[in-house]
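> I need the structure of the sequence given here:
(2 chains)
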Amino acid sequence: MLHDAGWSRAGWPEQAGGLGGSATLRAVLYDELAAAGIEVPEAFVILETLGPVLTAYAPDLAVRHLPTYLAGEELWGQGFSEPEAGSDLASLRTWARVDGDSFVLSGQKVWTTLGQFASHAAVLARTGPPDSGHRGLSMLWVDLAAPGVTVAPIAAASGRDEFAEMFFDGVRVPRSGLVGELDGGWAVAMYLLQYERGMYAWLRQAVLHRRLAETAAAAADRAGPVAHAAIGAAYLALTSLRARSRTTVARLAAGENPGPEISVDKILLSRAEQAVYDAVLATRQEALLVGDGPEETALREEWFYSRATSVFGGAVEVQRDIVADRVLRLPRAGANGERDGRG
Amino acid sequence: MDAADLDLFAAATERLTTMADPELLTAELVDAGLAPELAADPALAGALLQAQGRIVGRSTLLDLLMAGPDHRPGLRVVLPMPGSRQPPGVRAGKTVAVRGIALSADGATHFLVHSGSGARVLLAAELSVVPVEAWDPELRPAIVSGAVDGGPAWGSLARDWETVAELAAVALGHELLGLGRRALEIAIAHQSDRYQFGRRLVVAQSVRHRLADVEVELVAAEAVLAASGNAGGEVRAHTAKAVAARAALAAAAAAQQLCGAMGFTTEYGLHRVVRRVRMLDALGGNAEELQLEIGSLLAAQGGLPAPIELAEALEEARRA
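Got it, this is the predicted structure:
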């Protein structure tokens, strides 16, 4: 419906099935949907991370796949994390070798959101030597129906199959599936993270505003001071996120690169997610703890999701390192900090 | 006013608010004809107050902002006692009874007293003005009390306490942000200069994470204050102050911990920041009280007020 009316296509390039215009049109859309009390479809979350990557780094793939995604006919997954590479993404081991005019991909990816329903995945794989770190990685666009791909859902703590693991055994990926440069995958991943911490955070704050408004309504007649304090705390965290995120979204839309400061947004997002669902739980204990209806089940799943927000997309501990190293520029060990004659 | 102008004003504020006379800054602003601009451009008042906080200075700028057109040299605004958010005055017929505190009370000739139903300028000589040292003696606070009959010395009667209190909350938020920035600078300087176990203290990840968390809170406060303008309603004003106060409290607590024993000496001066943060936090409701108040208000309303606008940020980015 959003597609046919044109809403979901605003702010995406015309040649890729969109209606053109600045990315801020998308920001406005998410805000308006939430304000009108309409759930923002979960597929938009994935779209906001992978959509900008395809448009920027693989325009041909964007032309082919964005229209079908916007029409709701495709779903994509993100293949970044591995069993042995989470926040330390550059240590990943899934590898792809060039063979004629295609790549041959082998390895394992994990925590792909809704991966079991995905038709395609953006997979970060090593194309350089094993010790090439972040310099030897490439981003590949993989058809999950190709021979050699196995996708298995993972039962999440919430009780729902939220994510999946993907196994690649000699999967052939055509050369046209390369997103960005060969061995240039790190830049693509970093670009994606900008959107994940920018537009995605904005989308989530819109959703969280709606949840907190519902919680305030639920608190009107039956909640005590503990719930009120939790709602107040959530409102402060959420307002902080929105105030910060709106400047980031504006900078992204103006073509600026927010740089390491965007780690602040990611931390504020985690805090807001958790504060809002703390308030939901404080206000609606009965519903969440002993309610089996569909609404209660959904809220429970969302509560668990809020706990994961400080883990996925680069754990909060890593974001703190980035803020300390690259925003505050605190002196590091070894720079001239250690054993320089004063110890 | 653009960013370069604001920086110039902030630099002048840093100079003027460290001088003995608390009226220097306001006098210069008024003489330069900037009082109307100050009322119209919240970014200007915010920049000046942040600078004042950063230098742990004092001035009568808050009095100027709260009194607006009723401001004159020698006038101070009576604030609610710490722990209270009620207007400091109570009017009964022609009599105004007051109990509250005034800052920079040295040199005050008149007090502006708000009650629930208006405000009146009263002569200092007709009130009991008891200077106190207490928590933050550098602010030169005094407890102002008494009951006065008769008309005002000057100024309008029709003033809305809620509006003035919201304006004050945002103003205090800006000053708290400046104080928080100062506390973080002090903590970083100490941690970077001091060596233990043969290395700088700041290389420890526990320290770096604590400092990073403070930075995150300060950045959030900056964003919320920038979006709050001249308040925009009770919830938004209280949110701006509460977010800024929490950031400043976190910064002060981190600095007190991370400066070690040095931080507890008079000479080091950190206590001045700690005192000022707690004092300003308490004025008009502290962060904890405001947070609970906001939650209760939202529950009573059964929803949230209109969120911060996206449009103005987009305009700003386009201009830049």
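
> contacts and neighbour counts: CA atoms only from here.
Noted.

> residues near residue B:36, how many?
Other residues within reach of residue B:36, judged by other CA atoms under 10 Å in any protein chain shown, total 12.

> so it, which of the three states?
Following DSSP: H, G, I helix; E, B strand; the rest coil, the label given to residue B:36 is helix.

> Now do it, the pLDDT please.
As predicted, residue B:36 sits at a pLDDT of 92.

> likewise residue A:103?
Residue A:103 is assigned 98 on the pLDDT scale.

> which stretch of helix or strand covers it?
strand A:102-113 (DSSP states H and E).

> Next SSE downstream of that strand?
For strand A:102-113, the succeeding helix or strand toward the C-terminus, using DSSP H and E, is strand A:120-126.

> and the angle for that following strand with strand A:102-113?
Put simply, strand A:120-126 runs at 110 degrees to strand A:102-113, going by axes from the mean of the first three to the mean of the last three CA atoms, to 10 degrees.

> picking up where we left off before, got a list of contacts for the strand holding residue A:103?
Here strand A:102-113 makes contact (CA atoms under 8 Å, 6 or more residues apart in numbering or on different chains) with A:77-83, A:93-98, A:125, A:162-175.

> Nearest residue to residue A:317 in space, please, no chain neighbours.
Distance criterion CA to CA, 6 or more residues apart in numbering or on different chains; nearest residue to residue A:317, sequence neighbours excluded, is residue B:209 at 7.7 Å.

> list the contacts for that neighbour?
Counting by CA under 8 Å, 6+ apart, residue B:209 touches A:317, A:320, A:321, A:324.

> Please list all residues in contact with the third one.
Just to be clear, that refers to residue A:321. Counting by CA under 8 Å, 6+ apart, residue A:321 has contacts B:205, B:208, B:209, B:212.

> Please identify which helix or strand holds residue A:173.
Taking DSSP H and E as the definition, residue A:173 sits inside strand A:163-174.

> Buried ones in that strand, by neighbour count?
Going by neighbour count (16 or more other CA atoms under 10 Å in any protein chain shown), the buried part of strand A:163-174 is A:163, A:164, A:165, A:166, A:167, A:168, A:170, A:171, A:172, A:173, A:174.

> and the strand holding residue A:103, which strands flank it?
strand A:95-99 (antiparallel), strand A:163-174 (antiparallel) (DSSP bridges).

> And the next helix or strand past the last one?
Same thing as strand A:163-174. Strand A:163-174 is succeeded, C-terminally, by strand A:178-179 (DSSP H and E).

> Give me the spatial nearest neighbour of residue B:154, chain neighbours excluded.
Residue B:154 sits nearest to residue B:121 (CA to CA, 6+ apart), 6.1 Å away.

> of the buried residues of strand A:163-174, closest to residue B:255?
Nearest to residue B:255 out of those is residue A:163 (CA to CA; 41.9 Å).

> I'd say that closest one and residue A:153 touch.
Yes: look at residue A:163 against residue A:153 with CA atoms under 8 Å: they come within range, at 6.0 Å.

> hey, where'd the helices end up in the stretch 201-343 of chain A?
In the stretch 201-343 of chain A, the helices defined using DSSP state H, counting those that start in this stretch lie at A:225-253, A:262-283, A:285-290, A:294-308, A:316-322.

> Return the residues of the stretch 101-250 of chain A in contact with chain B.
For the stretch 101-250 of chain A, the residues in contact with chain B (CA under 8 Å from any CA of the partner chain) are A:209, A:212-220, A:225, A:227-233, A:235-236, A:239-244, A:246-247, A:250.

> go again using 7 Å as the cut-off
Contacts of the stretch 101-250 of chain A with chain B, taken as CA under 7 Å from any CA of the partner chain, map to A:213-214, A:216-217, A:219-220, A:228-229, A:231-233, A:236, A:239-240, A:243-244, A:246-247, A:250.

> Wait, residue B:304 touches residue A:214, no?
No: with contact defined as CA atoms under 7 Å, residue B:304 does not reach residue A:214; the gap is 9.0 Å.

> And the two? Which one has more around it.
More crowded of residue B:304 and residue A:214, by other CA under 10 Å: residue B:304, with 21 against 17.

> What residues does the more buried one make contact with?
Counting by CA atoms under 7 Å, 6 or more residues apart in numbering or on different chains, residue B:304 makes contact with A:213, B:298.

> about what we covered before: SS state for the residue nearest to residue A:317?
With three-state DSSP as the basis, residue B:209 sits in helix.

> can you map out the strands along the stretch 101-250 of chain B?
B:110-115, B:118-123, B:128-131, B:142-148, B:195-196, B:199-200 (DSSP state E, counting those that start in this stretch).
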